[in-house]
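> return atomic coordinates for the entry below.
(one chain, ligands or ions: 1)
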Amino acid sequence: MTEAHHHTLGAELREIIAIEGPISLERFMELALTHPTLGYYTTRDPFGVDGDFITSPEISQMFGELLGLWAAQVWRQIGAPEIVHLVELGPGRGTLMADALRAAKAAPEFFDAIHVELVEASDIQVEQQRAALAGCGRPVNWRRTVEDVPPGPAIFLANEFFDALPVRHYVNSPEGWRERLVGLDAEGALTFGLSAEVEPYIKVKTEDGSVLEIGAAAQRLVTRIAARIVTENGALLAVDYGYDLTTLGETLQAVKAHDYVDVLAEPGEADITAHVDFSALSRAARAANAKVFGPVGQGDFLIQIGIAQRAEALKAQAEPEVAEQIDLALARLAGAGENEMGELFRVLAVTRRGVEDIPGFAGDDATS
Ligand code: SAH
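Prediction:
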């Protein structure tokens, strides 16, 4: 067995680093997730009980249905444009969009206005999405990046997308902050190191070894989407594991088969994520002159947009075992406990200034 027959991303990264020198954590994470032929998302379908992790739309149809009804209401509040792009970033198996469109049929004028746009880096996921959306009743286009979505009013949905965008780490030392890099150790294995140069612009005073995690790619993307919403009309709904206030510390993690693994151990074989810094995303949207709602907990958001009523309606037609599953899904999605997603997952929306009271954010003090 030669390397050529079993070329892994780890081998490719070691070659790149041997030639170019250490690379940034940002580049490492981007390649580990979306390298065109060896990346984590480009080589597998990672979702579900048998996969590496499970997401809200895969837990219950209620999640996508409620987001579809949310989008219908938001569409009315932004002036009911005749054509609206319903854009999903990183649609995974396509479950959320399929459920959203089915629910949106209850609002026929909205449904008829929808052009579906799916932004997806992985051809394997595109195939899954194509199957999930066959016969959905609306035109569907696939795009590699947000920039490829045609102009016009657009409602963007993103569930567990921003946490897959690469982050940078800076580590404090007596001389100042240095960027964390991925290099090679004496045996030629991947290892973390630090840049020789200190960062001239980071002036935070704190202890040695403190880590600053910056989601620059997510911030740039929100800046572009918010600017587009301001000029073209529309909205963004971002749902992710994250935190409301920027703070020191790192949240980078790798998960394989529902277990934590070493980030550098098997690049391309494990999911790598970082928690989303929602205050940084809010600042990015406001700097683009957009209006921000939230962040609020996923539980509060889903309760406000009617998940409890939806669960009751589904249970009324279900066998007892199925009804029990519906209650478990409701608790998992909206509950505030440690293994539940209602508090840990945060929801943020962006619109043009002047849009009032979009569903799910009543009583949210941070809205501005
Ligand atoms: N939203 C889905 C999937 C979340 S996983 C769900 O909730 O189930 C992240 C998704 O984003 C996958 O479909 C992955 O292939 C895609 N993805 C990751 N990084 C991307 C990038 N930089 N550009 C486009 N799609 C990306």
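
> roughly how far apart are the residue of the chain found nearest the ligand and residue 143?
Ranking the residues of the chain by distance to the ligand (CB to the nearest ligand atom) places residue 90 first, at 2.2 Å. All C-beta atoms are positioned from the backbone trio N, CA, C, and that covers glycine. Distance, residue 90 to residue 143, using CB to CB, to the nearest Å: 12 Å.

> okay, and the common contacts of the two?
When contacts are counted by CB atoms under 8 Å, 6 or more residues apart in numbering, residue 90 and residue 143 are jointly contacted by 119, 120.

> more crowded one of these two?
Set side by side, residue 90 and residue 143 show more neighbours around residue 90, with 22 against 16, by other CB atoms under 10 Å.

> so what's that one up against?
Taking CB under 8 Å, 6+ apart, one finds 119, 120, 121, 125, 158, 159, 160, 161, 164 in contact with residue 90.

> just read off the phi/psi values of the last one.
Note on residue 164: its backbone torsions stand at phi -100, psi 0 [degrees, to the nearest 10].

> give me the buried entries from the contacts of residue 90.
The neighbour-count criterion (16 or more other CB atoms under 10 Å) marks 119, 120, 121, 125, 158, 159, 160, 161, 164 among these as buried.

> about what we covered before: go back to the contacts of residue 90 and keep what's next to the ligand.
With CB under 6 Å from any ligand atom as the criterion, the contacts of residue 90 include 119, 120, 121, 125, 159, 160, 161, 164 near the ligand.

> keep only those of those that are in strands.
Of the ones next to the ligand among the contacts of residue 90, the ones assigned to strands by DSSP state E are 119, 159.

> how about the residues of the chain by the ligand?
Contact residues, the chain versus the ligand (CB under 6 Å from any ligand atom): 33-34, 41, 47, 55, 57-58, 90-92, 96, 119-122, 125, 159-161, 164.

> surely residue 114 meets residue 82?
No. Between residue 114 and residue 82 there is no contact under CB atoms under 8 Å: 11.1 Å.

> so which of the two has more stuff around it?
residue 114 (25 against 10).

> list the contacts for that one?
84, 85, 86, 101, 104, 138.

> could you report the neighbour count for residue 189?
Using other CB under 10 Å, residue 189 has 12 other residues around it.

> and it, how far from residue 73?
In terms of CB to CB, residue 189 sits 52 Å off from residue 73.

> can you check residue 278 too?
From residue 278 to residue 73 the distance is 22 Å (CB to CB).

> the more surrounded of those two?
residue 278 (26 against 16).

> mind listing the helices for the chain?
Secondary structure of the chain (DSSP state H): helices at 9-20, 25-34, 56-59, 61-77, 95-104, 108-113, 123-133, 216-232, 278-287, 298-304, 307-316, 320-334.

> off-centre distance for the second one?
Spelled out, it's helix 25-34. On the basis of CA atoms, centre = their mean, to the nearest Å, helix 25-34 sits 15 Å off its chain's mean C-alpha point.

> what lies in contact with it?
By CB under 8 Å, 6+ apart, helix 25-34 touches 9, 12-13, 38-42, 121-122, 164, 166-169, 179-182, 192, 216-217, 252, 267-268, 270-272, 274.

> now do the buried residues in it.
25, 26, 27, 28, 29, 30, 31, 32, 33, 34.

> from residue 268, how far out is the last one?
As for residue 34, its distance to residue 268 is 10 Å (criterion: CB to CB).

> cool, thanks, talk later.
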